[in-house]
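Novice: Here is my input; please provide its structure:
(2 chains)
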2 protein chains.
Amino acid sequence: MDDKLVVCLAGMPGSGKSIIVKVARECGYDVVVMGDVIREEAERRRLEPNPENLGKIMLELRRSEGNAVVAKRCIPKIQKMAKSKVIVDGIRSLSEVDEFKESFPKFGFIAVHSSPETRFKRIYLRRRSDDPETWEIFHERDMRELSVGLGDAIAMADWVIVNEGELEAVKEKVREILRRIEEKWMK
Amino acid sequence: MDDKLVVCLAGMPGSGKSIIVKVARECGYDVVVMGDVIREEAERRRLEPNPENLGKIMLELRRSEGNAVVAKRCIPKIQKMAKSKVIVDGIRSLSEVDEFKESFPKFGFIAVHSSPETRFKRIYLRRRSDDPETWEIFHERDMRELSVGLGDAIAMADWVIVNEGELEAVKEKVREILRRIEEKWMK
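Specialist: Here you go, the predicted structure:
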């Protein structure tokens, strides 16, 4: 058991998880990026950390070590962190949520949502990609994320932030939610 | 092809779909309840329409006629409706969304979200149930809904409404979103 407050964060690609992480950092949170576990594994296997390899490693690790493998590898990292509040970026399934909840009873779970259209624009249009296959690649990535359970996790979040523009309003919402999660555990 | 505007609605049990439907009705929408297809099927099979039977029939219909079976049976109902705007209550998977989108190009997709804690209170505590198994039954129902793809659908919605109290604010949000969906198709 650990006395740290752990706030987990889930969102589809391009939904704006990084904004939430930025605000949390400003509010005194340490940050754990779940994807780093996969990148570390790619390094160990001497594979280039491109999206395709990382996706494959993720699916393979889950198959061989269970759906919560990435969460399990994050827990000792969190325990070693300096701050008493940690945000975990990149929840992808309910089993990961359960894993963190079990290790850190002071727990909160936030999902961030943007429409597929908004997410697509964020990821691709600002890169000026006009490849007609771009939407297909985007959609395939979405489906890969859903196939590991990301949609289930989002549907079961304690808090949902709708991120459709109005950056300042979204940031204020994040601060409010973090405050309310902290208040819950200060009782 | 049909010229009607079809707005689909998804949400976990107790998330407050009925509030959204009520507002849509006030805004001039006809309402199709997807669950009615299952209830009609129960009647046809002379089974009592209790949650257990309805759940079983739903899973069985999907297995035998595909994931979009309920959507397919709703489409002629929608086509026969009087009004030009229809809200569809109770999307449970992305294949249902795709089915409606194909038949009705003027399309919008809203998800409503409340935390599991809020949903549980809404469904059970107001009924003064203090059965210790109640949470388990609630959780099992959630997992059954997720298993057919409800979480994936929610994660892919065009619009998400966060329904955590403040009823008037939620209703205003629904009206605003319906207005924006309608504007999109009036261009």
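Novice: Would you map the helices across chain A?
Specialist: Counting by DSSP state H, chain A has helices at residues A:17-26, A:34-44, A:51-65, A:69-79, A:94-103, A:116-123, A:134-147, A:150-155, A:167-186.
Novice: Indicate which one of those helices is closest to chain B.
Specialist: Chain B sits nearest to helix A:150-155 of all those, at 3.6 Å, using CB to the nearest CB. Just so you know, the C-beta spots here come from the backbone N, C-alpha and C atoms, and that holds for glycine as well.
Novice: picking that back up, for the helices of chain A, please prepare CSV with the additional fields distance to chain B, mean neighbour count and mean pLDDT.
Specialist: Formatted as CSV, the helices of chain A follow (distance: least, CB to the nearest CB, whole Å; neighbours: other CB atoms under 10 Å in any protein chain shown; pLDDT from 0 to 100):
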stretch, distance to chain B, mean neighbour count, mean pLDDT
helix A:17-26, 13, 18, 97
helix A:34-44, 17, 16, 94
helix A:51-65, 17, 14, 88
helix A:69-79, 18, 19, 95
helix A:94-103, 8, 20, 96
helix A:116-123, 6, 16, 93
helix A:134-147, 4, 15, 91
helix A:150-155, 4, 27, 98
helix A:167-186, 10, 15, 95
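Novice: so who does the most centrally placed residue in chain A touch?
Specialist: Taking CA atoms, centre = their mean, the centroid of chain A lies closest to residue A:90, which sits 1.7 Å from it. By CB atoms under 8 Å, 6 or more residues apart in numbering or on different chains, the contact set of residue A:90 is A:9-10, A:17, A:33-35.
Novice: sorry, back to before: quick one, which of the helices of chain A is nearest to residue B:113?
Specialist: Closest to residue B:113 of these, according to CB to CB: helix A:150-155, at 7.4 Å.
Novice: what's next to that closest one, contact-wise?
Specialist: Residues contacting helix A:150-155 (CB under 8 Å, 6+ apart): A:10-12, A:91-94, A:96-97, A:111, A:113, A:160, B:12, B:113, B:146, B:149-156.
Novice: what's the spacing between residue A:47 and chain B?
Specialist: 28 Å (CB to the nearest CB, to the nearest Å).
Novice: How many residues are close by that residue?
Specialist: Residues within reach of residue A:47, counting by other CB atoms under 10 Å in any protein chain shown, total 15.
Novice: Hmm, residue A:53 and it touching each other?
Specialist: Yes. Counting by CB atoms under 8 Å, residue A:47 does reach residue A:53; the two are 4.7 Å apart.
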